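>>> Dropping the sequence and predicted coords here.
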Amino acid sequence: MAQPPVTLIRPFWRKVALIAFFVCVGSCSSVQFAYNNVDYWIRWKIRDYVDLNRAQAVELQAAMDSFFRWHRQTQLQRYAEFLTRLADEVDKGALENPRLEPVEQQLQQFLHSASDSAYDLLLPIAAQLDKHQIDELQKNLQKKQQQALEEWQQPPEKIRRKRNRQIRKEGERWLGHLSQEQIQLIAAWVSKVEYNPQSRSAQRQRWQSKAIDLLRSKPPGYLETLRNLLVDPQQLWPPHYRQAQERRQEQARELAEQILASTSPAQRHHLSRALREYARNFRILASQ
């Protein structure tokens, strides 16, 4: 398997975490398939950014095997227990006055725990990239960043429709059919909350440039500096961007809480059943 350079570790782990935190949709078999094959996805994804030598690939494979062995043995059961507790709370009427901040905090704790383990294994490998590989990585990161930005270079109304569609799809995943009131809440939120892809792209570019510079110059303690960047990329955010992101997160939480508070008995049953199904999936994976 190809080695993940440091600027890919965070995006890579986000994908792993998304899978681990029940983003995969569908039956038990599809969730298990996604988790069991995420290393193949990583191998395919890394090739888009950098070519690795055989020694690097072998070391990465060993690191990945170690990470997923630890994750399966120690983390998946915790996810299952957490999801089961959420389902129990839904059944007991917690959605009458939902509070999502504690849920977000627990998910962040799960993510940080797994990320710390991944960084311990992957950062030493990222340090092995030579000059040619770093040049290749930088070029491909810039290319991918430009492609991502171009996807959002559309008329504002078209962007709003796209965001509306994405949020509705996520709501339907967990609640089933949405009511007209919930659809209107989403539409109003999309119209009110600004999304600036250029600003987001600029912050990503800033982070990538800092990471590439550290990989090239390798100053004393640079691996620890890279680790800090991975753990806390917000440290590079200017105050105005940080404030905008915090407000956006608050607005997103408010929308989610409004939608959950408006759920029907059928939607609450749908949510509880989905949570329990994912919990069951994780228990099965943990036992394999």
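Okay, I see it. Numbers count the residues shown, from 1 in each chain.
>>> Now do the helices in the protein.
Along the chain, counting by DSSP state H, helices occupy 6-20, 28-36, 38-46, 54-74, 76-91, 101-126, 131-150, 156-175, 180-192, 197-217, 222-231, 239-261, 265-287.
>>> Give me the contacts around stretch 267-277.
22, 28, 83-84, 86-87, 90-91, 95, 173-177, 263 (C-beta atoms under 8 Å, 6 or more residues apart in numbering). For glycine as for every other residue, the C-beta is placed from the backbone atoms N, C-alpha and C.
>>> And these, which of them are buried?
Members of those that pass the buried threshold by neighbour count (16 or more other C-beta atoms under 10 Å) are listed as 22, 83-84, 86-87, 90, 95, 174-176, 263.
>>> And the contacts of stretch 267-277, which is closest to residue 106?
Looking at these and their distance to residue 106, the nearest is residue 86, at 9.3 Å (C-beta to C-beta).
>>> one step back: please work out which of the helices of the chain is packed deepest.
Using mean count of other C-beta atoms under 10 Å, the stretch among these with the largest mean neighbour count is helix 6-20, at a mean of 19.
>>> Just the mean pLDDT for that helix, thanks.
Per-residue confidence for helix 6-20 averages out to 39 on the pLDDT scale.
>>> Distance-wise, check the residue sitting furthest away from the middle of the chain relative to residue 214.
Relative to the average C-alpha location in the chain, and by C-alpha atoms, centre = their mean, no residue lies farther out than residue 220, which sits at 30.5 Å. Residue 220 sits 11 Å away from residue 214, going by C-beta to C-beta, to the nearest Å.
>>> same deal with residue 282?
With distances taken as C-beta to C-beta, residue 282 is found 36 Å from residue 214.
>>> again with residue 208
Noted for residue 208: a distance of 11 Å to residue 214, by C-beta to C-beta.
>>> what sits in contact with each of these two?
Listed as contacting both residue 208 and residue 214 by C-beta under 8 Å, 6+ apart is no residue at all.
>>> Confidence-wise, which of the helices of the chain is weakest overall?
helix 6-20 (a mean of 39).
>>> quick one, what contacts residue 197?
In this structure, residue 197 makes contact with 148-149, 152-153, judged by C-beta under 8 Å, 6+ apart.
>>> what do you get for residue 228?
Residue 228 makes contact with residue 235, according to C-beta under 8 Å, 6+ apart.
>>> let's number from 9 now, not from 1
Done: numbering now begins at 9, and the last item shifts to residue 236.
>>> what distance separates the start and the end of stretch 102-115?
Using C-alpha to C-alpha, to the nearest Å, the span of stretch 102-115 from its first residue to its last is 18 Å.
>>> So which residues make contact with that stretch?
With contact meaning C-beta under 8 Å, 6+ apart, stretch 102-115 is reached by 29, 90, 94, 261, 264-265, 268-269, 271, 276, 279.
>>> what's the most distant pair in those?
Spanning the widest gap among the contacts of stretch 102-115 are 29 and 269, at 22.6 Å by C-beta to C-beta.
>>> Closest to residue 140 out of the buried ones among the contacts of stretch 275-285?
Residue 140 has its nearest neighbour among the buried ones among the contacts of stretch 275-285 in residue 30, at 39.6 Å by C-beta to C-beta.
>>> I'd like the buried ones among the contacts of stretch 275-285 written out as TSV, with distance to residue 139 added.
Conversion of those to TSV gives the following (distance: C-beta to C-beta, whole Å):
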residue	distance to residue 139
30	41
91	46
92	50
94	48
95	52
98	54
103	55
182	47
183	51
184	53
271	55
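>>> Relative to residue 128, which of these is nearest.
Residue 128 has its nearest neighbour among those in residue 30, at 25.0 Å by C-beta to C-beta.
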